[in-house]
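# Need a 3D model of the sequence below.
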Amino acid sequence: MLDTLAIRTQRTDASRIAERDASPLEFGKVFSDHMFLAEYRGGEWHDAQILPFGDLPVSPANSALHYGQAIFEGMKAYPTAGGGVALFRPLDNWARLNASAERMCMPAVPEELFMQGLKELVRLDADWLPQVSGGALYIRPFMFATDGMLGVRPSETYLFAIITCPVDVYYSKPLRVRFEQKYVRSAEGGAGFAKNAGNYGAAMYPTKLAQQEGYNQLIWTDASEHQYVEESGTMNIVFIIDGKLITPSLSTSILDGITRRSVLQLARDMDVTIEERRVSSREVIGALQAGTLQEAFGVGTAATIAPIAVIGHEGHDYEIPAAGPDALSKRIGAALGAIRNGQAPDPYGWVVPVGE
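Prediction:
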């Protein structure tokens, strides 16, 4: 390992920052000027560097392409009230990346490598933060196997990288979702709790079918009975029923979302009753029919809090009344935004300035 982490930096000769102001700014289509890279070989990390954003050379026999050893994280940098830039809960992302790495037989990324590379990259490209309300710099740390050989075994070499892109609001209006009761995202004992690439690839086909039916996303259910709620699309999901916040308890098939953790903590601060437990589709539909389901929303890094307007189940669409100004989702969203942007105290140490 690099005993003293020195990151070699090569700045771009021609910034593309004008692309930041594209309208509309599509999520994940425009990337900032630089990227961070580090290589793992011989049991150690080497060659930490920041380079101009560009393509990476990959062998046709690359084992990530053939056997799926690829993991990633999703996080954001935000402008702060004092004119700076801050990360939100970056150590949680680092810990979750390493949990995914362990599940996929990949090496751990040292905290210093992750945090220093992250901060230096964001400092360098801080001007890419969109100058719009709700804008942020989305950050994608990822790691993939780089051995160029065929054979089902863990790779001996890896590349860890970080790229960033300016983003606007992810969803512009409340979502239409439906319960998925045929296909599964993951199963108990699988890798659903990890952010490995295969989880997302396998979800594309059933999601495409739902989108062809007019839905934005799916509510995934458990693999054994297709009754119990797991996630919604790429987000954790929350229901407000009779004033209680109800969300599926974590398992090996559900991602431990960092936005989920934050929402639950802020709800506790507001003295909201929280139930983390199994939630069936029948319970949700029953609450809709009885008029006791007040809100449903997805929570995740990309969308933060995404209200749900319609839930489809067994061929019928159920509408959820529009959330009022005092709705819990709006109060939590406002509190979360104020902490992230430095407009409110941060009692939990979630916000980490990138520094000068």
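# pLDDT score assigned to the closest residue in space to Trp350 that isn't next to it in sequence?
Nearest non-adjacent residue to Trp350, counting by C-beta to C-beta, 6 or more residues apart in numbering: Arg89, 4.9 Å away. Yep, even glycine has a C-beta here, placed from its N, CA and C like the rest. Looking at Arg89, its pLDDT reads 98.
# again, but for the one 3 residues further on
At Asp92 the predicted local confidence, pLDDT, stands at 98.
# before we move on, what about Thr259?
98.
# neighbours around it, how many?
The tally of other residues near Thr259 (other C-beta atoms under 10 Å) stands at 22.
# try Leu25
18.
# ok, now which ones touch it?
By C-beta atoms under 8 Å, 6 or more residues apart in numbering, the contact set of Leu25 is 130, 132, 135, 166-168.
# Now with 7 Å, please.
Going by C-beta atoms under 7 Å, 6 or more residues apart in numbering, Leu25 touches 130, 166-168.
# which stretches of the stretch 201-350 of the chain aren't confidently modelled?
Within the stretch 201-350 of the chain, no range satisfies pLDDT under 70.
# can you give me the helices for it?
258-269, 281-290, 328-340 (DSSP state H, counting those that start in this stretch).
# how many degrees apart are the longest one and helix 258-269 in direction?
Per axes from the mean of the first three to the mean of the last three C-alpha atoms, to 10 degrees, the angle that helix 328-340 makes with helix 258-269 is 110 degrees.
# Distance from the helix or strand just after helix 328-340 to the middle of the chain?
For helix 328-340, the following helix or strand on the C-terminal side (DSSP states H and E) is strand 351-353. On the basis of C-alpha atoms, centre = their mean, to the nearest Å, strand 351-353 is displaced by 18 Å from the centre of the chain it belongs to.
# what's the answer for stretch 17-25, then?
That offset, for stretch 17-25, works out to 22 Å (C-alpha atoms, centre = their mean).
# List the buried residues of that stretch.
Applying a neighbour-count criterion of 16 or more other C-beta atoms under 10 Å, one finds 19-20, 25 buried in stretch 17-25.
# again with stretch 192-203
192-199, 203.
# In CSV: the residues you listed, plus secondary structure and distance to Asp326.
Listed next are the buried residues of stretch 192-203 as CSV, based on DSSP: H, G, I helix; E, B strand; the rest coil; distance: C-beta to C-beta, whole Å:
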residue, secondary structure, distance to Asp326
Gly192, coil, 35
Phe193, coil, 34
Ala194, coil, 37
Lys195, coil, 34
Asn196, strand, 39
Ala197, helix, 40
Gly198, helix, 41
Asn199, helix, 36
Ala203, helix, 34
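# ok, of those, which one's closest to Val354?
Lys195 (22.6 Å; C-beta to C-beta).
# Compute the number of surrounding residues for Val122.
25.
# right, and it touches Val352 too?
No - the pair Val122 / Val352 is not scored as a contact, 10.3 Å apart, by C-beta atoms under 7 Å.
# about what we covered before: restricted to strands, list the buried residues of stretch 17-25.
Applying DSSP state E to the buried residues of stretch 17-25, no entry is found in strands.
# Mind putting those residues into CSV with pLDDT?
Listed next are the buried residues of stretch 17-25 as CSV, based on pLDDT from 0 to 100:
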residue, pLDDT
Glu19, 88
Arg20, 88
Leu25, 83
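# can you redo the residues you listed as JSON lines with distance to Glu283?
Formatted as JSON lines, these follow (distance: C-beta to C-beta, whole Å):
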{"residue": "Glu19", "distance to Glu283": "46"}
{"residue": "Arg20", "distance to Glu283": "44"}
{"residue": "Leu25", "distance to Glu283": "38"}
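# Tell me the one among those residues nearest to Tyr158.
Glu19 (29.8 Å).
# can you tell me which residues contact the closest one?
Glu19 touches Val30, counting by C-beta under 7 Å, 6+ apart.
# Could you report the separation of it from Ser32?
Remark: distance between Glu19 and Ser32 (C-beta to C-beta, to the nearest Å) = 9 Å.
# Fine by me, thanks again.
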